[in-house]
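1. using only what follows, build the 3D model:
(2 chains)
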There are 2 protein chains.
Amino acid sequence: MKIIVDAAGGDYAPHEIVKGAIKAAQEYNDIEIALVGKKSLLHVLLGKQLKKLNISIIDASQVIEFHEHPMEAIRKKPNSSIVVGINQIKEGKGDAFVSAGNTGAVLCAALFSLGRIENIERPALASLVGLNRSSPAILLDAGANADCRPFHLLQFAELGNIYAKGVFGIEKPRIGLMSNGEEETKGNRLTLESHALLKKSNLNFIGNIEGNDLARGVADVIVTDGFTGNVIVKTVEGLGDSFIKLRQSKNSPHGNHRLQGRALLEDVGLGFLVKGMDFREYGGACLLGVKGNVIVSHGRSQATAIKNAIRLAKRTAEGNVCRLIWELNSNEQVI
Amino acid sequence: MKIIVDAAGGDYAPHEIVKGAIKAAQEYNDIEIALVGKKSLLHVLLGKQLKKLNISIIDASQVIEFHEHPMEAIRKKPNSSIVVGINQIKEGKGDAFVSAGNTGAVLCAALFSLGRIENIERPALASLVGLNRSSPAILLDAGANADCRPFHLLQFAELGNIYAKGVFGIEKPRIGLMSNGEEETKGNRLTLESHALLKKSNLNFIGNIEGNDLARGVADVIVTDGFTGNVIVKTVEGLGDSFIKLRQSKNSPHGNHRLQGRALLEDVGLGFLVKGMDFREYGGACLLGVKGNVIVSHGRSQATAIKNAIRLAKRTAEGNVCRLIWELNSNEQVI
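-> Predicted coordinates:
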């Protein structure tokens, strides 16, 4: 299995991306990693590891910056790490692509180069929310589609259902619809109509869930529009950041700050919750509904987050999620 | 100043409501409290405190339950604590009303009995989000209007602006629009159009903010639709609950669980953040845009939450928020 990693995207690229790739290559010896970026620079950064580990380099001379307009950027920069990386997947030279670069550009490149799976109107970002001890919930759409119609939410539910089965091995994933009240009559126009569609579907739909259910583990798949999903994911992430930062500033003036903070939180039994609020933990969100496995990482990703994103890419590819969506779809079971 | 308190609404009514009222009467000796509920029962519960403290009883024989349809309930139950309480405000016999009962019924009763302030199309629930050390942010709408138009969000901004000035004494409140990206071009249709309106207004509009800004204290007023607002407030509340519960279950098998948990969290420097995630801290949300001061408390409110809701009612009445909205509005400055 070969994971293609964008070495030029993200606030800490290329150094932390390379570090993360090295960590992943050391940890998972059943994968091959290809780093996409400026060849000469990556050569220097990898140094001796290039020969030791199962890591290769794919040259890409251009970089798409965060402020660039996604569509324009991918057109203007055919040699950017994002475009080159996605094309590797398209050409069957890699099993999954990981990028911490401009999310919009990754989505555009994936949509235009890999293409949507037939009948999937709106590919969605599936984020993992690990606020519960048992297993993380899959929240989608986490930001790809700000405005949605009820039919899109039904498709997100189908996509999440396949992901929960394929990657997490959950037999009959519980699908919850994020709303502003648990009663069927609660919601905005979008969720009220979506509720009716979900109820009629063959999914294991458990009804509306609310914000305070996130940490309760009541659902395996949480369905919402990309606007609300993005706000939820960032709210949780922001609170996680505060906990981690507070711990750093207060009790750990020296030494390995994050670890000390973590240890202390573990001591008081809060470790797993703060871990679940930390975006580094899962490393990224999976773009579901395109013809290929694409993991979008946080722009602030450092080595650990990248390593975890590579792990997620590996699991996603192993789960054959893309193929499952495709197959179910052609069997007309998806829509 | 007289605060009217619904003694029959909420999961822990009437016992905890009465306890909370007693606490508030002991703490704030410049207020008079009137408890609305079954007279004979309240007499027994208040016991000797009735003579000692500045607390009176207003008889209301009916109770609106949580499952009841708001509009139907307030029509069918004219002697319910909610209808009787709101009418006290209407008749000028009280300065603010506090209820932990059926939120929909409180909103309906307030709208129909007190009425909207002229030109305020959609009264909104203003929740306090205290995730920052300095002062809490006012988030609105926290749930009164699931579907909104851009003009409503502009009015929410105006309402929040007045609240921040009147109650928190902030001279030039920073108004942020909750969105899925900080750039002006990010958002759904609603926030993109709202952004344009807010930019043209005379408010101190700081632009879009994101979920991870909640704990950063970047805005004094956070404007959003009632669906998103409700999801945010409940997400934060749910995480707060998890922290509090975890602390209870793990390290404090006996004794005063919450206090022990709190103390430990304070020790590790996390106290204020968890406090800010706790719905009990502010005790309720203020309904802005109706002709009267109405505080909606959480259904799960116990004594401390009710005491804090009474404190919020007191501050809201002292701040003359209702009058300020009315005046500004008639000066055509609000819209």
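2. what does the stretch 51-200 of chain A put close to chain B?
-> Within reach of chain B by CB under 8 Å from any CB of the partner chain, the stretch 51-200 of chain A has these residues: A:131, A:143, A:146-147, A:178-181, A:186-189, A:191. For glycine as for every other residue, the C-beta is placed from the backbone atoms N, C-alpha and C.
3. max pairwise distance over those: which two?
-> By the measure CB to CB, A:L131 and A:R189 form the most distant pair in those, at 28.2 Å.
4. now A:K172. Nearest residue, chain neighbours left out?
-> Computed as CB to CB, 6 or more residues apart in numbering or on different chains, the closest residue to A:K172 that is not its neighbour in sequence is A:N204, at 4.7 Å.
5. residues near the one you found, how many?
-> By other CB atoms under 10 Å in any protein chain shown, 17 other residues sit near A:N204.
6. go ahead and confirm it touches A:I175.
-> Yes: using CB atoms under 8 Å, A:N204 makes contact with A:I175 at a distance of 6.0 Å.
7. now for those two: what residues contact both?
-> Taking CB atoms under 8 Å, 6 or more residues apart in numbering or on different chains as the criterion, A:N204 and A:I175 both touch A:N161.
8. and A:I58, how far from chain B?
-> Noted for A:I58: a distance of 30 Å to chain B, by CB to the nearest CB, to the nearest Å.
9. you'd agree that residue is up against A:L35?
-> Yes: judged on CB under 8 Å, A:I58 makes contact with A:L35 at a distance of 7.1 Å.
10. neighbour count winner among those two?
-> A:L35 (27 against 20).
11. quickly list what the residue nearest the centre of chain A is bridged to.
-> The centre of chain A sits closest to A:A285, judged by CA atoms, centre = their mean, with a distance of 0.8 Å. Beta-bridge pairing for A:A285 (DSSP bridges): A:V296.
12. surely it touches A:L128?
-> Yes: using CB under 8 Å, A:A285 makes contact with A:L128 at a distance of 7.5 Å.
13. spit out the contact partners of A:K2.
-> Here A:K2 is in contact with A:31-34, A:93-95 (criterion: CB under 8 Å, 6+ apart).
14. how near is it to A:D30?
-> 11 Å (CB to CB, to the nearest Å).
15. now A:K93
-> Distance, A:K93 to A:D30, by CB to CB: 18 Å.
16. what of A:I244?
-> From A:I244 to A:D30 the distance is 32 Å (CB to CB).
17. out of those two, which sits in the busier spot?
-> A:I244 (20 against 8).
18. secondary structure element for the more buried one?
-> helix A:226-251 (DSSP states H and E).
19. once you drop chain neighbours, what's closest to the residue in the stretch 1-150 of chain A positioned nearest to chain B?
-> Here the stretch 1-150 of chain A gets closest to chain B at one residue, A:A146, 4.0 Å apart by CB to the nearest CB. Residue nearest to A:A146 in three dimensions, not counting chain neighbours: B:N188, with 4.0 Å by CB to CB, 6+ apart.
20. can you check A:G166 too?
-> Here the residue nearest A:G166, using CB to CB, 6+ apart, is A:G319, at 3.6 Å.
21. can you name the next helix or strand after the lowest-mean-pLDDT helix or strand in chain A?
-> Using mean pLDDT, DSSP states H and E, helix A:257-267 stands out as the lowest-scoring helix or strand of chain A, at a mean of 56. Counting by DSSP H and E, the element after helix A:257-267 in chain order, helix or strand, is helix A:271-276.
22. run the contact check for that following helix versus chain B.
-> Yes: looking at helix A:271-276 against chain B by CB under 8 Å from any CB, the contacts come from A:L273.
23. helices or strands next to that helix in the packing?
-> Where contact means 3 or more CB pairs under 8 Å, 6 or more residues apart in numbering or on different chains; DSSP states H and E, helix A:271-276 is packed against helix A:226-251, helix A:257-267, helix B:226-251.
24. pLDDT averaged over it, what's the number?
-> What helix A:271-276 shows for mean pLDDT is 80.
25. now stretch A:103-120
-> Here the average pLDDT along stretch A:103-120 is 95.
26. alpha carbons only: can I get it in CSV?
-> Taking C-alpha atoms only, stretch A:103-120 is exported to CSV below (Å, rounded to 0.1, in the frame of the first residue of the first chain):
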residue,chain,number,x,y,z
THR,A,103,-8.4,22.5,2.0
GLY,A,104,-10.4,24.2,-0.8
ALA,A,105,-7.7,23.4,-3.3
VAL,A,106,-7.5,19.8,-2.2
LEU,A,107,-11.3,19.5,-2.5
CYS,A,108,-11.3,21.1,-6.0
ALA,A,109,-8.4,19.0,-7.2
ALA,A,110,-10.1,15.8,-5.9
LEU,A,111,-13.4,16.7,-7.5
PHE,A,112,-12.0,17.7,-10.8
SER,A,113,-9.2,15.3,-11.2
LEU,A,114,-10.6,12.1,-9.5
GLY,A,115,-14.2,13.0,-10.0
ARG,A,116,-17.4,12.3,-8.0
ILE,A,117,-18.7,8.8,-7.7
GLU,A,118,-21.7,8.7,-9.9
ASN,A,119,-24.9,9.8,-8.2
ILE,A,120,-23.1,11.3,-5.2
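27. what sits up against that stretch?
-> By CB under 8 Å, 6+ apart, stretch A:103-120 touches A:6, A:9, A:64, A:68-71, A:73-74, A:80, A:82-83, A:86-87, A:89-90, A:97, A:99, A:123, A:125, A:143-144, A:155, A:159, A:287, A:289-292, A:294, A:296, A:299, A:322, A:325-326, A:329-330, A:334-335.
28. ChimeraX command to pick out the buried ones of those residues?
-> Only the buried members of those end up in this ChimeraX selection, burial being decided by 16 or more other CB atoms under 10 Å in any protein chain shown:
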select /A:6,9,64,68,70,73,74,80,82,83,86,87,89,90,97,99,123,125,143,144,155,159,287,289,290,291,292,294,296,322,325,326,329,334
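29. show me where pLDDT drops low in the stretch 201-335 of chain A?
-> A:246-269, A:329, A:331-335 (pLDDT under 70).
30. what are the phi and psi values for the residue nearest to A:A146?
-> phi -100, psi -180 (degrees, to the nearest 10).
31. just checking, it touches A:F227?
-> Yes: between B:N188 and A:F227 there is a contact under CB under 8 Å: 4.4 Å.
32. isn't there a helix covering A:N308?
-> Yes: counting by DSSP: H, G, I helix; E, B strand; the rest coil, A:N308 is part of a helix.
33. out of everything not next to it in sequence, what's closest to it?
-> Per CB to CB, 6+ apart, closest to A:N308 is A:G283, 3.2 Å.
34. ok, now which ones touch the one you found?
-> A:295, A:297, A:301, A:305-312.
35. swap in 6 Å and give it another go.
-> With contact set as CB atoms under 6 Å, 6 or more residues apart in numbering or on different chains, A:G283 has these partners: A:297, A:305, A:308-309, A:312.
36. ok, back up a step: shouldn't the residue nearest to the centre of chain A be in contact with A:S127?
-> Yes: A:A285 sits in contact with A:S127 when judged by CB atoms under 6 Å, with a separation of 4.2 Å.
37. name the residues contacting each of those two.
-> Joint contacts of A:A285 and A:S127 (CB under 6 Å, 6+ apart) are A:A142.
38. A:V167 and chain B: what is the separation?
-> Counting by CB to the nearest CB, the gap from A:V167 to chain B is 24 Å.
39. list the contacts of that residue.
-> Counted by CB under 6 Å, 6+ apart, A:V167 has contacts A:315-316, A:319.
40. what of A:H152?
-> A:R122.
41. now the strands for chain A?
-> Under the criterion DSSP state E, strands of chain A are mapped to A:2-6, A:32-37, A:55-59, A:96-99, A:124-129, A:137-140, A:175-178, A:205-209, A:221-223, A:285-288, A:293-296.
42. same for the fifth one, what does it pack against?
-> Strand A:124-129 makes packing contacts with strand A:137-140, helix A:150-168, strand A:285-288 when contacts are defined by 3 or more CB pairs under 6 Å, 6 or more residues apart in numbering or on different chains; DSSP states H and E.
43. quick one: strands adjacent to that strand?
-> strand A:137-140 (antiparallel), strand A:285-288 (antiparallel).
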